[in-house]
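Asks: generate a structure from the sequence data that follows.
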Amino acid sequence: MSILFPPALRAGQRVAIVSPARKISAAELAPAIATLEGWGLTVVLGDSLAGDHHQFAGPDELRRADFQRQLDDPAIAAILCARGGYGTARIVDGLDFTGFRAAPKWVAGFSDITVLNAHLLALGFASIHGVMPVLFHQAGGELALETLRRALFGEAFQPIAAPPHALNRPGTATGALVGGNLSLLQTITGTASQASFAGRILFLEDLDEYLYHIDRMLLHLHRSGQLAGVAGLVVGHFSAMRDNAIPFGATVQEIIDRYARLHGFPVAYGFPVGHEADNRALTVGQSVTLTVDEAGGRLTA
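Replies: This is a model prediction of the structure:
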């Protein structure tokens, strides 16, 4: 299936910020709005940014209607998801992408927004897995923000490197990028949002999970056949992992290695992608080459 890429942003265009998952405050967004305006963009604030329904940015109906409004508005050139949390999977089935198909636009975010990254790829469209407005100005996140800007404005992909790792599996593979948050990829298995990993470069990251959860989720991806056709695996941040009183007995990297070894693809650990400040933007659907050798791992386009 060919993958369609929305037009690159230009100064003077309008971009919307919405929150399809957890609620957010105006104060948390103010620095990001100033940054986007500094890029020459006009910022439109979605209704969900003022929403407040328990942990969510308003009820499902409000968040869905807000996202739909931005999808359908031809004056909006990109939709930036303000933050993650939980809730995107609750609204995605009610979204109508008819208008989007006629005039695609960039959708950007990560973590819970993996649902949208995968859903759009399943529909045949690229999107951006990258830092969200609530995290634009984390200390140490300067490259993350710059790579998001480059991706939105259609500038050339800059190679991303990871240092050598004892569990790396050498090799070279080329394919379209697919992936994101492991928990969400497992959650959408068997739904309309599931995007195929076959022949593609899969990237994974996660946050605040028990080690046995990581094993269980990877086992599910393996048993459901999703890992069988992977061309290469990029392992990003697995941050703040937890263990039980009785230890699981393996690190997160060792758990990933257990399942990677059941397949023949190259694997590289330690990429700057995920829930840490240095979260480089990846365009889901973009063709890249993964090279893994004694120098470490490299992604090039």
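
Asks: CA atoms for contacts and neighbours, from now on please.
Replies: Noted.

Asks: now the chain, which segments are flagged as low pLDDT?
Replies: In the predicted model, the chain carries no residue with pLDDT under 70.

Asks: one more pass at 90, please.
Replies: 1 (pLDDT under 90).

Asks: quick one: the strands in it?
Replies: Secondary structure of the chain (DSSP state E): strands at 14-18, 42-45, 76-81, 106-109, 127-129, 160-162, 171-181, 201-207, 232-239, 267-268, 282-284, 287-293, 296-300.

Asks: quick one, which of those strands is packed in tightest?
Replies: Highest mean neighbour count among the strands of the chain (mean count of other Cα atoms under 10 Å): strand 267-268, with a mean of 30.

Asks: so which other helices or strands are in contact with it?
Replies: Judged by 3 or more Cα pairs under 8 Å, 6 or more residues apart in numbering; DSSP states H and E, the packing partners of strand 267-268 are strand 232-239.

Asks: for Ala118, give me its contacts.
Replies: Applying Cα atoms under 8 Å, 6 or more residues apart in numbering, we find Ala118 in contact with Val178, Gly179, Leu185, Ser193, Gln194, Ala195.

Asks: let's see that with 6 Å instead.
Replies: Ala118 sits next to Ser193, Ala195 when contact means Cα atoms under 6 Å, 6 or more residues apart in numbering.

Asks: begin at 56, not 1, for the rest of this chat.
Replies: With the count now opening at 56, the last piece we talked about shows up as Ala173.

Asks: measure the residue sitting furthest away from the middle of the chain to Tyr265 for me?
Replies: The centre of the chain is farthest from one residue, Ile301, which by Cα atoms, centre = their mean lies 32.3 Å away. Between Ile301 and Tyr265 the computed distance is 12 Å (Cα to Cα, to the nearest Å).

Asks: do the same with Thr143
Replies: Between Thr143 and Tyr265 the distance is 22 Å, computed by Cα to Cα.

Asks: buried residues in stretch 57-77?
Replies: By neighbour count on 16 or more other Cα atoms under 10 Å, the buried set for stretch 57-77 is 58-61, 64, 69-77.

Asks: of those, closest to Gly319?
Replies: Gly319 has its nearest neighbour among the buried residues of stretch 57-77 in Ile58, at 25.5 Å by Cα to Cα.

Asks: just checking, that closest one touches Ala177?
Replies: No: Ile58 is not in contact with Ala177 according to Cα atoms under 6 Å; the separation is 9.4 Å.

Asks: which neighbours do the two share?
Replies: With Cα under 6 Å, 6+ apart, Ile58 and Ala177 have no common neighbours.

Asks: could you check how far Ala177 is from Asp312?
Replies: With Cα to Cα as the criterion, Ala177 and Asp312 are 27 Å apart.

Asks: ignore the last one, His184
Replies: Going from His184 to Asp312 by Cα to Cα gives 24 Å.

Asks: what does Gly142 give?
Replies: In this view, Gly142 and Asp312 are 30 Å apart by Cα to Cα.

Asks: of these two, give the one with the bigger neighbour count.
Replies: Using other Cα atoms under 10 Å, the more surrounded residue of Gly142 and Asp312 is Gly142, with 21 against 16.

Asks: wait, that one touches Lys78, no?
Replies: No: Gly142 lies out of contact with Lys78 (Cα under 6 Å); the separation is 10.0 Å.

Asks: in stretch 232-248, what counts as buried?
Replies: Using 16+ other Cα under 10 Å as the test for burial, stretch 232-248 gives 232-241, 243-244, 248.

Asks: and that stretch, end to end?
Replies: This stretch, stretch 232-248, spans 16 Å end to end (Cα to Cα).

Asks: which other residues reach it?
Replies: Taking Cα under 6 Å, 6+ apart as the rule, stretch 232-248 contacts 166, 169, 173-174, 249, 255-261, 339-341.

Asks: how about 7 Å then?
Replies: With contacts defined as Cα atoms under 7 Å, 6 or more residues apart in numbering, stretch 232-248 is touched by 165-167, 169-170, 173-174, 177, 249, 252, 255-261, 272, 276, 339-343.

Asks: for stretch 336-351, output the C-alpha coordinates as CSV.
Replies: Taking C-alpha atoms only, stretch 336-351 is exported to CSV below (Å, rounded to 0.1, in the frame of the first residue of the first chain):
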residue,chain,number,x,y,z
ALA,A,336,10.5,13.1,15.8
LEU,A,337,9.9,10.2,13.5
THR,A,338,7.5,10.4,10.5
VAL,A,339,5.4,7.2,10.7
GLY,A,340,5.2,5.9,7.2
GLN,A,341,8.5,7.4,6.0
SER,A,342,10.9,4.9,4.4
VAL,A,343,14.1,4.7,6.4
THR,A,344,17.1,2.4,6.5
LEU,A,345,18.2,0.8,9.8
THR,A,346,21.9,-0.1,10.0
VAL,A,347,23.2,-2.1,13.0
ASP,A,348,26.9,-2.8,13.4
GLU,A,349,29.8,-2.6,15.8
ALA,A,350,29.4,1.3,15.9
GLY,A,351,25.8,1.0,17.1
